[in-house]
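# just need the structure, nothing else, for what follows:
(one chain, ligands or ions: 1)
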Amino acid sequence: MIHYTCDRCKREIDATTEMRYTVQIQVQANSDSNRGDFDEDIDHLTELHQILEGIADDEFEFPLPETSHCSSYDLCPECHRQFLKNPLGRDSVLALGFSNN
Ligand SMILES: [Zn+2]
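Numbering: from 1, shown residues only. A predicted model of the protein is given here:
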């Protein structure tokens, strides 16, 4: 029997009797600021390419830019409900303030 643990309340989820909810969150960095400068960047890209080819023989792993991040969480039914109410985890004081408007 496979047991899952709720990533929010740390309770064990019995998959045979309870629904298990998986939340996948993908965070991606977006920037429009470089699009207009593409032509000017070509020389730099070519230069970078040559550098990369030069070091490829050393099996150098170029670090991936931290522009995207993907996470997956298991939630029990109760935490799933709470998550839907407040996906970004904003504190309840702010949420109440919004509902008064
Ligand atoms: Zn939970």
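
# near the ion, which residues of this structure?
6, 8-9, 76, 79 (CB under 5 Å from the ion). The C-beta positions use only the backbone N, C-alpha and C, and glycine is treated the same way.

# farthest pair within these?
Spanning the widest gap among those are Arg8 and Cys76, at 7.5 Å by CB to CB.

# pLDDT averaged over stretch 25-38, what's the number?
The average of the pLDDT scores along stretch 25-38 is 74.

# and for stretch 3-13?
Confidence over stretch 3-13 (mean pLDDT, whole number) is 94.

# same question for stretch 73-91.
If you average the pLDDT over stretch 73-91, you get 91.

# sort out which residues of that stretch are buried, please.
Judged by neighbour count using 16 or more other CB atoms under 10 Å, the buried positions of stretch 73-91 are 74-76, 79-80, 83.

# got the contact list for the nearest residue to Cys6 once chain neighbours are set aside?
Leaving out its chain neighbours, the residue that sits closest to Cys6 by CB to CB, 6 or more residues apart in numbering is Cys76, at 4.0 Å. Cys76 makes contacts with 6, 8-9, 11, 13, 18, 20-21, as judged by CB atoms under 8 Å, 6 or more residues apart in numbering.
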